[in-house]
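Peer 1: With the input below, show me the fold.
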Amino acid sequence: MKLQLLAALALATPLILNSTVKAGNSQDLQKLNLTRECVQCDLSGVNLRGAHLIGADLRGANLSGANLEGVNLEGADLTNANLKGANLTSAMLTNVNFKAANLNGANLTRAQIYDANVYGASMDQMIITDAEIYHTGIGIGGDEANMFPDWD
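Peer 2: I've put the predicted structure just below:
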């Protein structure tokens, strides 16, 4: 029993300690921490550094200016989310749905982006220095985005 409690605390502690609200809505952040679901939430400017948000439902969420450095968003749904100016440095973004998301000015330095859907996403001035991008319509120039169709 003590081992299970310690394991639960070990998993929850990084998310709780790194979830300092600078802006956004603290109730929305609490909802995300408890349920991994926060559709159309205001999480602008929050610090979720190193959080494990695998499979999170963040459709339409406002994550503008959020610190998502080192976050694990594998399988998350960020359809129509606002990630303008968000810091996604070293983030794990495998199978993430960024359909119609705002990624303008987002920092994806050293991010791992595999099999992500970016159909209709806005990606002006996005920083992708040293990012690993595979099977995702993100590139420098050309028609690469058209080679990867929408998931729907």
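Peer 1: dump the residue contacts of the most centrally placed residue in the chain.
Peer 2: Centroid-nearest residue in the chain: Leu73, 5.3 Å away (criterion: Cα atoms, centre = their mean). Contact analysis of Leu73 by Cβ atoms under 8 Å, 6 or more residues apart in numbering lists Leu53, Ile54, Ala56, Ala91, Met92, Leu93, Val96. To be clear about C-beta, it is placed using only N, CA and C from the backbone, and glycine gets the same treatment.
Peer 1: can you check Leu68 too?
Peer 2: Per Cβ under 8 Å, 6+ apart, neighbours of Leu68: Leu48, Arg49, Ala51, Leu83, Ala86, Asn87, Leu88, Ala91.
Peer 1: can you redo the residues you listed as a markdown table with neighbour count?
Peer 2: Output for those, formatted as a markdown table (neighbours: other Cβ atoms under 10 Å):
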| residue | neighbour count |
| --- | --- |
| Leu48 | 26 |
| Arg49 | 20 |
| Ala51 | 24 |
| Leu83 | 28 |
| Ala86 | 29 |
| Asn87 | 22 |
| Leu88 | 28 |
| Ala91 | 27 |
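Peer 1: Mind checking which of those residues are in strands?
Peer 2: Using DSSP state E, no member of the contacts of Leu68 falls in strands.
Peer 1: quick one: which of those residues is nearest to Ala121?
Peer 2: In terms of Cβ to Cβ, no member of the contacts of Leu68 lies closer to Ala121 than Leu83, at 9.1 Å.
Peer 1: Relative to Asn102, how far out is the closest one?
Peer 2: 6 Å (Cβ to Cβ, to the nearest Å).
Peer 1: Thanks a lot, catch you later.
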